[in-house]
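Visitor: using only what follows, build the 3D model:
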Amino acid sequence: MSMIMEDEIKRWTAKRKSALVLDIIKGKSTVSEACRTYNLPASEVENWVVDGKRGMENALRANPLDIKEQYERQLKQRQEAYREAMLELSAKKTTAPVGREQQMNG
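Guide: Below you'll find the predicted structure:
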């Protein structure tokens, strides 16, 4: 990482996370390298990168959204995706072929 890090990091502050994310974005490091170096789960580092990019995009908007608006928009998108997944699952259940046992008993 471009900033000096202690041998063992006990707490990942926003400043440390942003320095690591910038190194990944700049190509100075990769998610897998960061995970090995700092003993972090890949999903956590990937989430930091996604959050960093989202924050950067918002900061560069002509009219940036406040944090509450960002979370409300994200929540709405996830709720919609959940509804769609549940509808799809429900449709698959209702159109599933009748099993051989059910045909014989019914």
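Visitor: show me the domain layout of this protein.
Guide: 10-60, 66-93 (automatic domain parsing).
Visitor: name the nearest residue to D23, sequence neighbours excluded.
Guide: In this structure, D23 finds its nearest non-sequential neighbour in S29, 4.4 Å apart by C-beta to C-beta, 6 or more residues apart in numbering. Every residue, glycine included, has its C-beta placed from N, CA and C.
Visitor: tell me the spacing between the one you found and V45.
Guide: 10 Å (C-beta to C-beta, to the nearest Å).
Visitor: the two: which is more packed in?
Guide: Here S29 and V45 are compared on neighbour count by other C-beta atoms under 10 Å; more neighbours surround V45, at 23 against 18.
Visitor: so which other helices or strands are in contact with the helix or strand encompassing that one?
Guide: Assessed by DSSP states H and E, V45 sits inside helix 42-59. Here helix 42-59 is seen to pack against helix 14-26, helix 31-38 when contacts are counted using 3 or more C-beta pairs under 8 Å, 6 or more residues apart in numbering; DSSP states H and E.
Visitor: next one: the first one to chain centre, how far?
Guide: Its chain's C-alpha centre lies 16 Å from the corresponding centre of helix 14-26 when counted by C-alpha atoms, centre = their mean, to the nearest Å.
Visitor: remind me what that helix packs against, helices and strands.
Guide: Under the contact criterion of 3+ C-beta pairs under 8 Å, 6+ apart, helix 14-26 touches helix 31-38, helix 42-59.
Visitor: report the angle between the first one and helix 14-26.
Guide: When you say that, I think you mean helix 31-38. Relative orientation of helix 31-38 and helix 14-26, computed by axes from the mean of the first three to the mean of the last three C-alpha atoms, to 10 degrees: 140 degrees.
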